[in-house]
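S.K.: Got a sequence here, can you model it:
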Amino acid sequence: MILIRINDFEFLVKQNISILEACKYVGITIPRFCYHETLSVAGNCRMCLVEIESMEKPIASCVTLVEEGMSIWIDTPFVKKARENVLETLLLNHPLDCPICDQAGECDLQDQTKTFGGDYSRFFFNKRGVEDKDCGPLIKTIMTRCIHCTRCVRFGSEIAGIDFLGTLNRGTSTEIGSYISKMFESEISGNVIDLCPVGALTSKPYAFKARPWELRINESIDTTDSTGSSLYINFKESEIFRITPKSNIDINENIISDKARFSFDSIKTNRIKNLFEFKLKFNKIDWFSFFNSADNTIKDKKSSIFINNELDLETILLLKSLSYSSLNRVKLNGVKETSLKDNLYVSEKYSKISVLDEGVQNVFLFSVNPKIESAILNSRIRFKYKNNLFSIYGLGRSFSSNIPTNFINLNIKNCIRIFEGKDKIVSKVIMSSESSVILIGESLKSRISSIDLLSKNIKYFFPNIKIIKVENGCNTESMSLMNIKPLNSKVIKNSGASWFINLDDTVGTRKLLNKFVDSTFWVNTHGSKLASCSQYIIPTVTNFEQESIYLNLEQRPQKTYKTLSSFFEARTVKNIISSTYNIEVKTKTSFVDYIYEMIKFPNIFNTKENLLSTNFLDKGFVKIGLYPLKSNLEDFYCSNVFTKNSIVMQKCSQKVRKNSSNFFD
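M.R.: Purely as a prediction, here's the structure:
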């Protein structure tokens, strides 16, 4: 720690930090445009000028390091006049279109001009105009408003891993843009909207729809992947207008994926509004008629309930209790014995995202493409790679990545030999490193019999290895915690009544549904072609219309809050199943109370000693399949039921596929 003076007050601050960071550390705010905590320092806006004793000119505080005994002045008349001149220069070519700008009300240029700017301008020349750029269906550009802070340029090259935007020309002709007009092909491209301090880059779906002071804010999480990024939902009355990131150091820091930001339009697209029963044709019915008809359908028949890995935790607990209380008349995913593990845990076999900050030297991608399966986790890996320069190895089929990756195209047997210490080259790399991380993809479940047993064996041979499971579904860890097998052909058997809850309309699901010749209940948020093959079509709510609990890829419990009212006749799955089978919904159990306590106090989860552990299978063999190692997710924008029904996501997917090619140039 060193001693400095700010406005004649003495403070102790850290060494080797800038003046701007030191002022922020002691609670003093210095205005800035180009500086951002997650980006490198550019020092080109000159808004953060301060005065240092014994120096004739003001200096930029973002690029100047503090020194012992330094005396800094941040609000002298000299500094105020310098900032006023900077703002006057920035406004030379800035258009006077604040009434029609989507950034109005939350614009840094507006706020700082009012606080530090003057009330007149000395220039009377014509303003310069800049042509707008085409960045795709997500980002709207009005480049005349740009003040050349280069935040978007640094974000693309440093975090997104794509040099899409850059600085063109020189002097008064300087502008920000792409040399070739095309889509900003990045899974986290929408974050430049939050980074832009003016209205040059705004949300295209949000354009001209609302003002920020008209919107209400609610907290939620991202349910489009297993990362569980924290979100702010901006809504008015019964409509969501935009979604913005909530800062969460443990998970997503201050960025979110494009799926989480723009897929909310599917709330009103292709939704199931009413209940339907098929009798020669589909007839609209009410809930009273449905329960009467369902009682006759499931009476004296065995029932099977099939779910995917996106159903919330409390609903899974209800379905699990139903499978026990019905004397084996109801099966959950076709499995008879689905006993609950001891308690919620952070397993010693799997690690948290924070291990990437602990001096990692090697990262192994085992049948996973984090760029598509978990864009936020991939951005954190890229950020650490750029700063620490650790090595990344891809095991299996190669894929497009924005991080330099050494692909080792081996089959699954040879990959396991690496982690058994039998490979002469790669095994030595693991042994010589102090810390390594393995990212295991969800597609590995179809290639081996037990991921838990494989992870235990890897930890046995290499205790210094940290393992992170990357799942596609937002609540896959809840199903693993309760020993519920994923939906596949092995757990399918003919039954009298079959419930298909929140399943995705895919080729595999259609093959499974065609095996049932008796009564089927299609419970989903959106309509599909597969729904027309069922006897009953029942609407349910989305995660924006109910309170739900999910476990992310590191088994961290998180909660979504109800933002909108139910869509027409839609009800929650808990209410539908409990009313149909006449069972009581238990809202308070020791397990659920423990979950809610961890949601309320996240430090309980971060402190590993406060968590209970569970026992893994100690004996057994891992059966290996012959399928090739590759990610089972190909399209980032259309990965589940919710995103597939989003018009914005469909446009992005179409744009990416149009720009891609199957042939070499």
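
S.K.: Tell me which stretches of the stretch 101-250 of the chain form strands.
M.R.: Applying DSSP state E, counting those that start in this stretch to the stretch 101-250 of the chain gives strands spanning 139-141, 166-168, 175-177, 201-203, 216-221, 230-236, 239-245.

S.K.: Can you give the contact residues for the last one?
M.R.: Residues from elsewhere that reach strand 239-245, judged by CB atoms under 8 Å, 6 or more residues apart in numbering: 191, 194, 203, 205-206, 209-210, 215, 229-235, 252, 254-256, 260-262, 264, 267, 544, 563-564. Glycine gets a C-beta too; all of them are placed from N, C-alpha and C.

S.K.: I'd like to know which of those residues are buried.
M.R.: Buried by 16 or more other CB atoms under 10 Å: 191, 194, 203, 205-206, 215, 229-235, 252, 254-256, 260-262, 264, 267, 544, 563-564, out of these.

S.K.: Next step: those residues restricted to helices.
M.R.: Among those, the members found in helices (DSSP state H) are 191, 194, 260, 261, 262.

S.K.: OK, contacts around the closest residue to residue 118 other than its chain neighbours?
M.R.: Sequence neighbours aside, residue 84 is the residue nearest to residue 118 in space, at 5.0 Å (criterion: CB to CB, 6 or more residues apart in numbering). By CB under 8 Å, 6+ apart, residue 84 lies in contact with 116, 117, 118.

S.K.: One more: residue 184?
M.R.: 135, 136, 138, 139, 156, 162, 164, 165, 178, 192.

S.K.: same question, residue 158
M.R.: 39, 40, 383, 386.

S.K.: Give me the distance between the first one and residue 390.
M.R.: This means residue 39. Distance, residue 39 to residue 390, by CB to CB, to the nearest Å: 21 Å.

S.K.: Residue 550 contacts residue 220, doesn't it?
M.R.: No. When contacts are counted by CB atoms under 8 Å, residue 550 is not listed as touching residue 220 (10.5 Å).

S.K.: Counting neighbours, go ahead and name the busier of the two.
M.R.: More neighbours surround residue 550 than the other of residue 550 and residue 220, with 25 against 22 (other CB atoms under 10 Å).

S.K.: Distance check, the closest residue in space to residue 644 that isn't next to it in sequence against residue 648.
M.R.: Spatially, and ignoring its direct neighbours in sequence, residue 644 is nearest to residue 638 (4.6 Å; CB to CB, 6+ apart). Distance check for residue 638 against residue 648: by CB to CB, it reads 11 Å.

S.K.: Likewise for residue 576?
M.R.: From residue 576 to residue 648 the distance is 29 Å (CB to CB).

S.K.: Could you do residue 182 as well?
M.R.: 18 Å.

S.K.: who has more neighbours, these two?
M.R.: Neighbours per residue (other CB under 10 Å) separate residue 182 from residue 648, with residue 648 holding more: 22 against 14.

S.K.: ok, back up a step: the strands of the stretch 101-250 of the chain: which one's closest to residue 633?
M.R.: Closest to residue 633 of the strands of the stretch 101-250 of the chain, according to CB to CB: strand 216-221, at 19.6 Å.

S.K.: care to break this structure down by domain?
M.R.: Here the domain assignment for the chain is 2-90, 108-267, 275-337+480-596, 353-477+618-659, based on automatic domain parsing.

S.K.: List of residues touching stretch 279-286?
M.R.: 274, 275, 276, 277, 293, 532, 537, 569.

S.K.: Now, those residues that are in helices?
M.R.: residue 293.

S.K.: can you map out the helices along the stretch 251-400 of the chain?
M.R.: 258-262, 287-298, 313-325, 370-373, 375-388 (DSSP state H, counting those that start in this stretch).

S.K.: Identify all contacting residues around the fourth one.
M.R.: Spelled out, that is helix 370-373. 187, 225, 377-378, 381, 399-403, 439, 441-442, 470, 472, 631, 633-634, 636.

S.K.: Drop anything exposed from these.
M.R.: For those, a burial check counting by 16+ other CB under 10 Å picks out 187, 225, 377-378, 381, 399, 401-403, 439, 441-442, 470, 472, 631, 633, 636.

S.K.: Among those residues, which lie within strands?
M.R.: Within the buried ones among the contacts of helix 370-373, residues falling in strands by DSSP state E are 439, 441, 470.

S.K.: Quick one, grab the pLDDT at the closest residue in space to the second one that isn't next to it in sequence.
M.R.: Meaning residue 441. Closest residue to residue 441 apart from its sequence neighbours, by CB to CB, 6+ apart: residue 368 at 3.0 Å. Per-residue confidence (pLDDT) for residue 368: 91.

S.K.: what about burial for the contacts of residue 184, which qualify?
M.R.: For the contacts of residue 184, buried by 16+ other CB under 10 Å: 135, 136, 138, 139, 156, 164, 165, 178, 192.

S.K.: Confirm for me that the first one is in contact with residue 141.
M.R.: So the one you mean is residue 135. Yes. Proximity of residue 135 to residue 141 meets the contact threshold set by CB under 8 Å, at 5.9 Å.

S.K.: Overlap of the contact sets of those two?
M.R.: residue 201.

S.K.: shared neighbours, residue 550 and residue 220?
M.R.: Here residue 550 and residue 220 have residue 560 as joint contacts, going by CB under 8 Å, 6+ apart.
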